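Chemist: Got a predicted structure here, sequence first:
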Amino acid sequence: MSEHRLASWVPGVADSGYDVHHLPYGVFRVGDDEPRIGVRVGDLVLDLAGAEAAELVLAGGALRRPTLNAFLALGRPQWTAVRDRITELLTDPAHRAAVEPLLVPVGEVRMELPFEVADYVDFYSSEHHASNVGLIFRPGQPPLLPNWKHLPIGYHGRAGTVVVSGTPVVRPQGQRPSPDGPTFGPSARLDIEAEVGFVVGVPSPLGRRVAAEDFADHVFGVVLVNDWSARDIQAWEYQPLGPFLGKSFATSVAAWVTPLDALREAFVAGPTQDPPVADYLRDEPHRGLDLRLKVIWNGQAVSEPPFAGMYWTPAQQLAHLTVNGASLRTGDLYASGTVSGARRDQVGSFLELSWGGTEPVTVGGTERTFLADGDTVTITATAPGPDGTTLTLGEVTGTVLPSN
Ligand code: MN
């Protein structure tokens, strides 16, 4: 399934992580100008609003909007046609004179939230993460709850507090448990969750479920996600209805959405599922994504979570979240859940890295368990591209500000 490697006339694109086989979409601003849709190529942004205005690419005006939503709603044939046309513009030197004026250095733009988030769902699909959390919170009991291997566990999050990478995160306040009952104040156990998010483009009608095999007809692409989590607030509030204020204060997403079309080389066989899953959760082919994440805490790499081994695949998650007839909307975001591998240096949360806060880690010369004010966490990822190339997914970063 390997495709031939294409070369661009744009300088510095080869081996940049953003060659013409990647072309992630985002929304950018230059100065006080209105937000514009663009694709990243190397260290440049191709202004697609300008390209559509100049009739270099045609998408019915969907590229001349302040968010990706209208483009997301077009569906896979148009996504692929636009991508093919952009590839042509960036590889055929005949287009260079027309396209070059539309390239803006990435250092000169400010990135916005790429799409208006409709509904936000967060899953819990890493067996290693779910087991670690079970061992930390329910010692002496089976690490996985009885339902875990029968359905992708998830909860509905708060779409309105999904923010773009770079947005500071104010430490949340709330009720925290203590031996003498709850106390109120700033979270003392602020954490991250390194995740991969899936962006829904094509909606589905209420009352009709979406089959796992129709995943690529509905899902446009992938963004890295940091599902910031206040473990103390979460621990006190979560029974019996699940996470609420411990997670809804902020969820960060990358500024760049990598299209599924760019990830053809990254799909790998999914893990064996035992016991066998319900019919509606069968996905053929059963495929995960070989994304290699890295968690960077104040500039220091502390973990490298592998996404390829996630127990539940994104197609299964989509089938599950619609099996009751719940509709999809353009701009829906569903995230994988914390990505953790088998080893301590592969975990996607500091809850696991510090084993519930009992085993501090050294970050920049100081001992840490959870996040301190002023800390910055950046999550990056790479994926295999064609012909031995590597794609660099858009990073998701954020700095913790003190409670106010
Ligand atoms: Mn999460």
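Modeler: Arrived safely.

Chemist: where do the helices sit along the stretch 151-300 of the chain?
Modeler: With DSSP state H, counting those that start in this stretch, the ranges of helices along the stretch 151-300 of the chain come out as 215-218, 231-237.

Chemist: quick one, which of the ones you listed is packed in tightest?
Modeler: Comparing the helices of the stretch 151-300 of the chain by mean neighbour count (mean count of other Cβ atoms under 10 Å), helix 231-237 ranks first with a mean of 21. All C-beta spots, glycine's among them, are computed from the backbone N, C-alpha and C.

Chemist: Quick check: residue 186 touching residue 232?
Modeler: No - using Cβ atoms under 8 Å, residue 186 makes no contact with residue 232, being 9.6 Å away.

Chemist: Overlap in contacts, these two.
Modeler: Counting by Cβ atoms under 8 Å, 6 or more residues apart in numbering, residue 186 and residue 232 have no common neighbour.

Chemist: Excluding chain neighbours, what is closest to the residue of the stretch 151-300 of the chain found nearest the ion?
Modeler: Distance from the ion to each residue of the stretch 151-300 of the chain (Cβ to the ion) is smallest for residue 227, at 3.5 Å. Take residue 227 and drop its neighbours on the chain: the residue closest to it by Cβ to Cβ, 6 or more residues apart in numbering is residue 193, 3.9 Å away.

Chemist: Quick check: can you list the domain ranges of this protein?
Modeler: Per the record, the chain has its domains at 25-112, 120-401, by automatic domain parsing.

Chemist: gap between the two ends of the shortest one?
Modeler: To tie it back to what came earlier, the one meant is domain 25-112. 11 Å (Cα to Cα, to the nearest Å).

Chemist: And the longest one, by the same measure?
Modeler: According to Cα to Cα, domain 120-401 extends 24 Å from its N-terminal end residue to its C-terminal end residue.

Chemist: Repeat that for stretch 350-364.
Modeler: End to end - Cα to Cα - stretch 350-364 spans 15 Å.

Chemist: if I pick residue 157, what's in contact with it?
Modeler: Neighbouring residues of residue 157 by Cβ under 8 Å, 6+ apart: 120, 121, 122, 227, 243, 247, 248, 251, 335.

Chemist: For residue 47, give its distance to residue 74.
Modeler: Per Cβ to Cβ, to the nearest Å, residue 47 is found 19 Å from residue 74.

Chemist: what residues are up against the spatially closest residue to residue 73 that is not a sequence neighbour?
Modeler: Distance criterion Cβ to Cβ, 6+ apart; nearest residue to residue 73, sequence neighbours excluded, is residue 330 at 4.4 Å. By Cβ under 8 Å, 6+ apart, residue 330 lies in contact with 69, 72, 73, 118, 200, 201, 202, 203.

Chemist: neighbour count winner among residue 47 and residue 74?
Modeler: Higher neighbour count among residue 47 and residue 74: residue 47, with 23 against 18, using other Cβ atoms under 10 Å.
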